[in-house]
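J.: Return atomic coordinates for the entry below.
(chains A and B)
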Protein chains: 2
Amino acid sequence: MADDAAAGPQRASRGRGTPAHRTTADVTPTSSDALSRPSDTPGTRILVAAAVETMAEKGYNGTSVRDIADRAGMSPAVLYHYFGSKHDLLVAIMHRTIDHLIERCEAVLDAAPPDPARRLRRLVREHVLVHTELRREAVLGVGEMHSIEPRERALLIAKRDRHERMFHRLVNDGVASGAFGTPFPSEAVRGILTMATGVSVWFREDGPLTAAEVADRFGRLALALVEADPDA
Amino acid sequence: MADDAAAGPQRASRGRGTPAHRTTADVTPTSSDALSRPSDTPGTRILVAAAVETMAEKGYNGTSVRDIADRAGMSPAVLYHYFGSKHDLLVAIMHRTIDHLIERCEAVLDAAPPDPARRLRRLVREHVLVHTELRREAVLGVGEMHSIEPRERALLIAKRDRHERMFHRLVNDGVASGAFGTPFPSEAVRGILTMATGVSVWFREDGPLTAAEVADRFGRLALALVEADPDA
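T.: The predicted structure follows:
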């Protein structure tokens, strides 16, 4: 990143800093604010943000604990103190990301009218919005799942399944009520989830469409996909 | 892989082998046969297959030249002789994969009737079929693009764009003729490509649907997505 290169000469001395000493230029925690927990200290919040940025740039395997600590302006010992290992920090990012996604989507469904088409449109819009906000986290979640130890991976997959069940239940309801005409509800849900999650790969904040516009369009695409009235 | 663990004790001696000495148990070149070139030697073909398998398992960064050479039953010097570097071997895999995809899809379009809905259905089916056949190659192509040097990356992206233009042209034609009702042809193409490429992530040969069945279903989903008559 540009400010990384500029900060090069100070890097070595910053490595010994503490959260109080860090220069905020290194980490842009905007997207990761969504990932914070009530129990977080300022240090854990900065470490999560620094890890997301570094792993998104270099991949999990290409990222060292030193890289993350440097970007956070802390010593590696602080990272080990809070998270135990680089692996556990990735696990924490993944849990926080999927928890946030589920929370947002469940809240939208709770507030949505009973009509399946409107519910699906709102659910897909929210899924897309979260994936424009947590782009790097989502890309890590898909691309680095193989880096997670089996026990934790099983827990993460169970959460992902819970999220996907919202979509399956909704599409099955719509098919049962006759609102959705698709003969392939299971593949339609896969298609919706894949294309709505894929937004995290290509969406750019300075692109031609706002996040809300992209979310609206994918809401309509989802209704088309299940063969519902797309103007519902 | 299971046969890797079993082969452990023989590993050191196999490292000095030549293509003629390799045991075929290490590499299953089925999917990578599609990637062969007329100029290939048996050695390059085995190296490509071994690299695909190893990188799919361990990721590009987690794979060493020694890992690939061991799996191919060759010395690293042979790999360097044919491909120059691990990077150039990944580049070769990516070019071969996208070339094969474009060739297959262009052939299908050449033979397809003029009706846009039928053309789109056949194009999507072929795209899905290739992605069930070259699953690991496709996952590498998406996940490791950031590992490719800028000059080669630009060439690969140009090829990917050429592939995507087939879809954009076809969907725009369908909208212009009134066969497709979508108000968002550009996002519809993104959706189609994302969900049809995503098949490479979840398709399993021992799963409930054959590759042809998955391809058929996604062909229909694509027609629904562009708001065409899905029974066309």
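
J.: Only C-alpha atoms from now on, for both contacts and neighbour counts.
T.: Fine.

J.: Any residues of chain A in contact with chain B? List them.
T.: Within reach of chain B by CA under 8 Å from any CA of the partner chain, chain A has these residues: A:61-62, A:143, A:184, A:187-188, A:190-192, A:194-196, A:198, A:217-218, A:221-222, A:224-227.

J.: Just the ones in helices from those residues, please.
T.: A:143, A:187-188, A:190-192, A:194-196, A:198, A:217-218, A:221-222, A:224-225 (DSSP state H).

J.: average pLDDT across the longest helix along chain A?
T.: For chain A, the longest helix by residue count, based on DSSP H, is helix A:150-177. Across helix A:150-177, pLDDT averages out at 97.

J.: Counting by contacts, list what it packs against.
T.: helix A:86-111, helix A:116-133, helix A:185-202 (3 or more CA pairs under 8 Å, 6 or more residues apart in numbering or on different chains; DSSP states H and E).

J.: Tell me which of those helices sits most buried.
T.: Of the helices and strands packed on helix A:150-177, the one with the most neighbours on average (mean count of other CA atoms under 10 Å in any protein chain shown) is helix A:116-133, at a mean of 24.

J.: Can you give me the domain boundaries for chain A?
T.: In the domain annotation for chain A, the residue ranges read A:2-84, A:87-225 (automatic domain parsing).

J.: Figure out the length between the terminal residues of the last one.
T.: From its first residue to its last, domain A:87-225 covers 38 Å (CA to CA, to the nearest Å).

J.: for the residue nearest the centre of chain A, what are its contacts?
T.: Centroid-nearest residue in chain A: A:Ala138, 3.5 Å away (criterion: CA atoms, centre = their mean). A:Ala138 sits next to A:97, A:131, A:197, A:200 when contact means CA atoms under 8 Å, 6 or more residues apart in numbering or on different chains.

J.: from the residues you listed, which is closest to chain B?
T.: A:Thr197 (9.2 Å; CA to the nearest CA).

J.: Would you confirm that the closest one contacts A:Glu126?
T.: No - using CA atoms under 8 Å, A:Thr197 makes no contact with A:Glu126, being 11.0 Å away.

J.: what's the pLDDT at A:Pro76?
T.: 95.

J.: My error: substitute A:Ser36 in the last question.
T.: A:Ser36 carries a pLDDT score of 86 in this model.

J.: low-confidence ranges in chain A?
T.: Applying pLDDT under 70 to chain A picks out residues A:1-32.

J.: who touches A:Lys58 in this structure?
T.: By CA under 8 Å, 6+ apart, A:Lys58 has no neighbours at all.

J.: for A:Leu129, that is, sorry about that
T.: With the criterion set at CA under 8 Å, 6+ apart, A:Leu129 makes contact with A:211-212, A:215.

J.: Run a quick neighbour tally on A:Asp40.
T.: 12 (other CA atoms under 10 Å in any protein chain shown).

J.: My error: substitute A:Gly178 in the last question.
T.: For A:Gly178, using other CA under 10 Å, the count is 12.

J.: measure it to chain B for me?
T.: Distance from A:Gly178 to chain B, counting by CA to the nearest CA, to the nearest Å: 16 Å.

J.: Give me the phi and psi angles of that residue.
T.: phi 90, psi 0 (degrees, to the nearest 10).

J.: could you measure it against B:Arg125, distance?
T.: 27 Å.

J.: thinking again about what came up before, just put the helices and strands packed on helix A:150-177 in a markdown table and tack on distance to A:Glu149.
T.: Listed next are the helices and strands packed on helix A:150-177 as a markdown table, based on distance: least, CA to CA, whole Å:
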| stretch | distance to A:Glu149 |
| --- | --- |
| helix A:86-111 | 8 |
| helix A:116-133 | 24 |
| helix A:185-202 | 23 |
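
J.: These: which one's closest to A:Arg151?
T.: Checking those against A:Arg151 by CA to CA gives helix A:86-111 as the closest, at 10.8 Å.
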